[in-house]
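Novice: generate coordinates for the sequence data below:
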Amino acid sequence: MVKSNAARLDSIFHALADPTRRALLRDVSAGAKSVGDLARPHALTLAAVSKHLKVLEAAELVARQRRGSFQIVRLNAPALLDADEWLAYYRPFWSSRLDALAQHLEGENQ
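Specialist: Residues are numbered from 1 along each chain as shown. Below is the predicted model:
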């Protein structure tokens, strides 16, 4: 099923809204990991990790593959491009605001 761009963004930002899912995503960004390896540092059950992974999979941010009795999770980095492109629209706004703040603070110091 092909998702519309708005639905893809909703799915991505929903997945990224949870701190545990962001941590899991960061973990797999260093390389593919088993579900057990992902659960260990977060003191999560395999079932809890699996639920989080389902949300990340629905957003197409990760892919799971069965390797023997293990499920290996890999980052799907290109899926983050949609979110990055959406955020890029707002970067000039924040850059100009931060530049104005820097000028204001430099003026106070002189």
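Novice: same for the helix or strand bottoming out on mean pLDDT in the chain, what does it pack against?
Specialist: Ranking every helix and strand in the chain by mean pLDDT, DSSP states H and E puts helix 91-109 at the bottom, with a mean of 74. Applying 3 or more C-beta pairs under 8 Å, 6 or more residues apart in numbering; DSSP states H and E, we find helix 91-109 packed against no helix or strand. Yep, even glycine has a C-beta here, placed from its N, CA and C like the rest.
Novice: now do that helix: distance to the chain's middle.
Specialist: Computed by C-alpha atoms, centre = their mean, to the nearest Å, the chain-centroid distance of helix 91-109 equals 28 Å.
Novice: tell me where the chain has helices.
Specialist: Assigned by DSSP state H, the chain shows helices spanning 5-16, 19-29, 35-39, 46-58, 80-88, 91-109.
Novice: sorry, back to before: in the least confident helix or strand of the chain, what's buried?
Specialist: Within helix 91-109, no residue counts as buried by 16 or more other C-beta atoms under 10 Å.
Novice: quick check: angle from that helix to helix 80-88?
Specialist: With axes from the mean of the first three to the mean of the last three C-alpha atoms, to 10 degrees defining the directions, helix 91-109 sits at 50 degrees from helix 80-88.
Novice: mind listing residues that contact helix 91-109?
Specialist: For helix 91-109, contacts defined as C-beta atoms under 8 Å, 6 or more residues apart in numbering pick out no residues.
Novice: so which of the helices of the chain gets nearest residue 73?
Specialist: Residue 73 lies closest, by C-beta to C-beta, to one member of the helices of the chain: helix 19-29, at 5.3 Å.
Novice: what's in contact with the closest one?
Specialist: So helix 19-29 is contacted by 15-16, 33, 37-38, 41-42, 44, 49, 52-53, 55-56, 61-62, 73-75, 77 (C-beta under 8 Å, 6+ apart).
Novice: for stretch 46-59, same thing?
Specialist: Here stretch 46-59 has contacts from 8, 11-12, 14-16, 18, 20-21, 24-25, 35-36, 38-39, 42, 44, 62-64, 73, 79, using C-beta under 8 Å, 6+ apart.
Novice: what of stretch 74-83?
Specialist: 5, 8-9, 12-13, 16, 25, 28-29, 32, 59-65.
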